[in-house]
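S.K.: The following comprises the amino acid sequence and a computationally predicted model.
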Amino acid sequence: MKKMLFFANSTSDAALLLAEDLIDMAIDSDDDALTLSFKDLNGKLGATTSIALTITSKSGKEVMNAISEEITFGEDAMIVIADEINSIFFHDDITAVTNAIVV
Amino acid sequence: MALSPDEKFIYVNPDTGAGQFRLSKYYPVRYLRGLECTTAGAAKLYFRGPLDTNSTQVTISITSGYIKEFFIEFLDEINFGENSVIVLSDRNIAVDATTGGTDFQHVNAYSAALTTSDSLTAGFEDVQITEDLDIGGDTVMSGSLTLDSVALSAVQTSAESFVDNDTSVMTSAAIDDRINTAVATTVGSAVDLTSEVSGTLPVANGGTGLTTVAANTILTGNNTAALTAEANLSFTNNRLTVGDNGEDIQPYLRIMNDENSLELGISNAADDFVTGSADGDIVFNSFGDHNILFGQNDVLAAKIDTDGDFNLNRKFTVTGDTDGTYEGDVVYFGGTTSMTVGRIYHYKSDGTWEGADADAVATSDGLLAVALGAASDTNGMLLRGMVTLDHDPGAVGDVLYLSTTIGQATATAPSGNNDIVRVIGYCLDASNGQIWFNPDNTFVEVTA
């Protein structure tokens, strides 16, 4: 099954990215943002496609763990990480997606 | 057995002609890179590019606001659909919904595929790199290299003639050749300072640092700064001038060595140069403990010694035939006019001059002088020296006496009773009146 991660900031700002292209997840220095990096949508060498999530402070490890488990063991093909259109978030500690447009 | 998503294809057909498939494509699902929505009514699908160096972007029109629904439906179809070919958009169904079709509820139309950032050069595809590119082998380019929006397409070598353009770079040998050519042209030949050099030439480079200098002005040094064009020092033709007739200054020339100095100038105020000078006086002033010498033909002619005394040797010659010509000591006082040039006068007790007369002591004693003109204060009165009288007093070598004829000299001593015998000089010419005038301080009164 091809799993994909869904991000939507609005009806005109959304992305559906392959879970298998996820390169890394990284917490910022303030401990309140989580950036998911994927292989570049345009195929640029050395580039990534990144989406930043706003998270509850110091919750990064828990969020990353939940996402990785969902990718590994989840049964749904589409994993809704952040859906601000409908206020649906994959984890209670994800509060916003700053910008889903990546290209 | 269900199909694997990577075994499926996505089909698009942009041709709106019935039964036509121009520009139609199949995209393998295994090359899907992701989906994106940048406007509410469209979705972009990204597939691996034809040469795997970038992406092919496929844009489809969807029902506005249904992006999430489309994503869900799309992902379900590639994972769980039973068809190996997923029809994303067959023709523009907005134009003809009956003959076209789609496997998705919210898809409305399809836009022609776009290979992102393709150079459009046949056989090549752009490679976009966002990190450093380290190449271990050679790099061969057939196109141009663009830096700062400037496309470089050629390299000029030393074997080529220099071409002045903005599309070429030069090898070091070519640059060296160009510099050598430029140096040989510019420096190897004479430089026209008027047309090829701008600005002023500094003092450090042998110039003056000036752009203009007033006519006849003399320049003086100012260390490393520009020369100074002196306002009060000029040279015109054969004349060196210190000062200017429009300047209220004290101009002077100073000549000095380690012991003495000489100042030759014009006093501009009282006591300039020397005590007693007044504005406008011409002053010759010397400092030091040595004499001031005046020479002529390398022979000392006059001297001002270290005590300030003036010593000189005076040279007298016989005067000419014209009455009143002279060489000697002259005074300018007495306020007397209407005198006769070449006559002898006696200085009276009232301070005026009268014609000398040996007939009486009152008109022949005291100070005697020869009139040099009609006015004593203007033309002067000769007290001693060479002079030409207005009459012939005797023969060469005769002793001359004051005559009883008013204002004259005679070689015959007066002999009448009460006449005054006073030697006034010696005759130097037989007929023209030239004499050495030197009245004796004593006289004899005749008793006959």
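M.R.: Received it, and whenever you're ready, just let me know what you need.

S.K.: Let me see the contact set for the residue lying closest to B:Leu312 once chain neighbours are set aside.
M.R.: Spatial nearest neighbour of B:Leu312, chain neighbours left out: B:Ala302 (3.4 Å); criterion: Cβ to Cβ, 6 or more residues apart in numbering or on different chains. C-beta coordinates here come from the backbone N, C-alpha and C atoms, glycine included. Residues counted as contacts of B:Ala302 (Cβ atoms under 8 Å, 6 or more residues apart in numbering or on different chains) are B:293-294, B:310-313.

S.K.: try 10 Å
M.R.: Each residue near B:Ala302 by Cβ atoms under 10 Å, 6 or more residues apart in numbering or on different chains is listed here: B:292-296, B:310-314.

S.K.: For the residue lying farthest from the centre of chain A, list each beta-bridge partner.
M.R.: In chain A, counting by Cα atoms, centre = their mean, A:Leu45 sits farthest out from the average C-alpha position, at 21.3 Å. Per DSSP bridges, the residues bridged to A:Leu45 are B:Ile129.

S.K.: Quick check: the gap between it and B:Asp126.
M.R.: Computed as Cβ to Cβ, to the nearest Å, the A:Leu45 to B:Asp126 distance reads 11 Å.

S.K.: what's the overlap in contacts for those two?
M.R.: Overlap between the contact sets of A:Leu45 and B:Asp126, as judged by Cβ under 10 Å, 6+ apart, is given by B:53-54.

S.K.: so what pLDDT did the residue farthest from the centre of chain A get?
M.R.: Looking at A:Leu45, its pLDDT stands at 79.

S.K.: Run through the helices of the chain in chain order.
M.R.: Assuming you mean chain A. For chain A, the helices defined by DSSP state H occupy A:60-73.

S.K.: Oops, wrong one, chain B.
M.R.: For chain B, the helices defined by DSSP H occupy B:67-80, B:172-186, B:376-379.

S.K.: Can you give me every residue that contacts the closest residue to chain B within chain A?
M.R.: Minimum separation of chain A from chain B (Cβ to the nearest Cβ) falls at A:Gly46, amounting to 3.4 Å. Listed by Cβ under 10 Å, 6+ apart, the contact set of A:Gly46 reads A:40, B:128-133.

S.K.: mind checking how far it is from A:Leu22?
M.R.: To A:Leu22, A:Gly46 is 17 Å away according to Cβ to Cβ.

S.K.: same thing with B:Gln57?
M.R.: From B:Gln57 to A:Leu22 the distance is 21 Å (Cβ to Cβ).

S.K.: same deal with B:Gly49?
M.R.: When B:Gly49 is compared with A:Leu22 (using Cβ to Cβ), they lie 21 Å apart.

S.K.: Compare these two (neighbour count), which wins?
M.R.: Between B:Gly49 and A:Leu22, counted using other Cβ atoms under 10 Å in any protein chain shown, B:Gly49 has the larger neighbour count: 22 against 17.

S.K.: right, and the more buried one touches A:Asp40 too?
M.R.: No. Using Cβ atoms under 10 Å, B:Gly49 and A:Asp40 do not qualify as a contacting pair, with a distance of 11.3 Å.

S.K.: ok, how many other residues are close to the closest residue to B:Val127 other than its chain neighbours?
M.R.: Among residues not flanking B:Val127 along the chain, B:Thr53 sits closest, at 4.6 Å (Cβ to Cβ, 6+ apart). By other Cβ under 10 Å, the residues close to B:Thr53 number 20.

S.K.: my read: B:Thr53 touches A:Gly43, true?
M.R.: Yes. Here B:Thr53 reaches A:Gly43: they are 6.3 Å apart, a contact under Cβ under 10 Å.

S.K.: Now B:Tyr110: closest residue in space, sequence neighbours ignored.
M.R.: B:Ser89 (3.4 Å).

S.K.: So what sits opposite the one you found in the bridge?
M.R.: Applying DSSP bridges to B:Ser89 gives these bridge partners: B:Val12.

S.K.: Please tell me I have it right and it contacts B:Tyr11.
M.R.: Yes. Counting by Cβ under 10 Å, B:Ser89 touches B:Tyr11, with 8.3 Å between them.

S.K.: Output the below-cut-off pLDDT ranges for the stretch 1-150 of chain B.
M.R.: Low-confidence segments of the stretch 1-150 of chain B (pLDDT under 70): B:1, B:18-19, B:91-100, B:112-113, B:115, B:117-125.

S.K.: As a check, name the ranges of all strands in it.
M.R.: B:9-13, B:25-28, B:32-39, B:42-48, B:55-62, B:85-90, B:107-110, B:114-115, B:145-147, B:150-152 (DSSP state E, counting those that start in this stretch).

S.K.: Compile those strands into JSON lines and extend it with columns for mean neighbour count.
M.R.: Converted to JSON lines, the strands of the stretch 1-150 of chain B look like this (neighbours: other Cβ atoms under 10 Å in any protein chain shown):
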{"stretch": "strand B:9-13", "mean neighbour count": "21"}
{"stretch": "strand B:25-28", "mean neighbour count": "16"}
{"stretch": "strand B:32-39", "mean neighbour count": "22"}
{"stretch": "strand B:42-48", "mean neighbour count": "22"}
{"stretch": "strand B:55-62", "mean neighbour count": "21"}
{"stretch": "strand B:85-90", "mean neighbour count": "20"}
{"stretch": "strand B:107-110", "mean neighbour count": "21"}
{"stretch": "strand B:114-115", "mean neighbour count": "16"}
{"stretch": "strand B:145-147", "mean neighbour count": "10"}
{"stretch": "strand B:150-152", "mean neighbour count": "12"}
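
S.K.: burial measure for A:Ala8, as a count.
M.R.: Residues lying near A:Ala8 (other Cβ under 10 Å) number 24.

S.K.: my guess is it meets B:Leu35, correct?
M.R.: No. At 11.4 Å, A:Ala8 does not count as touching B:Leu35 under the criterion of Cβ under 10 Å.

S.K.: rewinding a little: got a winner among the contacts of B:Ala302 for most neighbours?
M.R.: Ranking the contacts of B:Ala302 using other Cβ under 10 Å puts B:Ile292 first, with 17 neighbours.

S.K.: measure the nearest residue to it once chain neighbours are set aside to B:Glu327 for me?
M.R.: Closest residue to B:Ile292 in three dimensions, ignoring its sequence neighbours and counting by Cβ to Cβ, 6+ apart: B:Ile304, at 4.1 Å. Separation of B:Ile304 from B:Glu327 (Cβ to Cβ): 22 Å.

S.K.: can you pull the contacts of whichever residue of the stretch 51-200 of chain B sits closest to chain A?
M.R.: Closest contact between the stretch 51-200 of chain B and chain A, by Cβ to the nearest Cβ, is at B:Glu131 (3.4 Å). Contact analysis of B:Glu131 by Cβ under 10 Å, 6+ apart lists A:44-47.
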